[in-house]
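Participant: structure for the following, please:
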Amino acid sequence: MSIRLNHVFVTLASERFDHLVAYYQALLGQSPEPLLPNRYAEFQLPGLRLGIFKPKATHCEEFAGAGGGMSLCLEVESLEGAIATLTDLGYPPPGEVTQASHGREIYAYDPDGNRLILHQAHIQKSL
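Facilitator: Take a look at the predicted model:
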């Protein structure tokens, strides 16, 4: 059994959100799209999406320190299916599913302790 992925991108957490967004904007020569001021910015790069976010106050400590801000974010079709797969692999997520502005997500960790953010986007309804 494997996780069915829609996208994979790298995310950086930063308390200095505006500073980091400005740095990557200058470095990459592009504006972030989408940009949610003081919350989330995303840069579209060849073969990669780079997301920068300001962690919620309840998660700041987890993202602090060297390397603490880097995560592998996996956008999945089914969050429940992804959780089941991680559990079957012997690495169930330690926390609960949370609701973010961009959809539902849960944190998990690989065998080396690297953070994974499993994310299911809001379902778009057709009119």
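Participant: in the chain, which strand is the longest?
Facilitator: The longest strand of the chain (DSSP state E) is strand 5-13.
Participant: ok, residues contacting whichever helix or strand comes after that one?
Facilitator: Per DSSP states H and E, the first helix or strand lying C-terminal to strand 5-13 is helix 17-28. Here helix 17-28 makes contact (C-beta atoms under 8 Å, 6 or more residues apart in numbering) with 12, 14, 31-32, 35, 38-39, 41, 43, 45, 50, 52-54. All C-beta spots, glycine's among them, are computed from the backbone N, C-alpha and C.
Participant: so helix 17-28 versus strand 5-13, what angle?
Facilitator: Interaxial angle of helix 17-28 relative to strand 5-13 (axes from the mean of the first three to the mean of the last three C-alpha atoms, to 10 degrees): 110 degrees.
Participant: in the chain, which residue is most central in space?
Facilitator: By C-alpha atoms, centre = their mean, the chain has its centre lying nearest to Cys73, at 4.0 Å.
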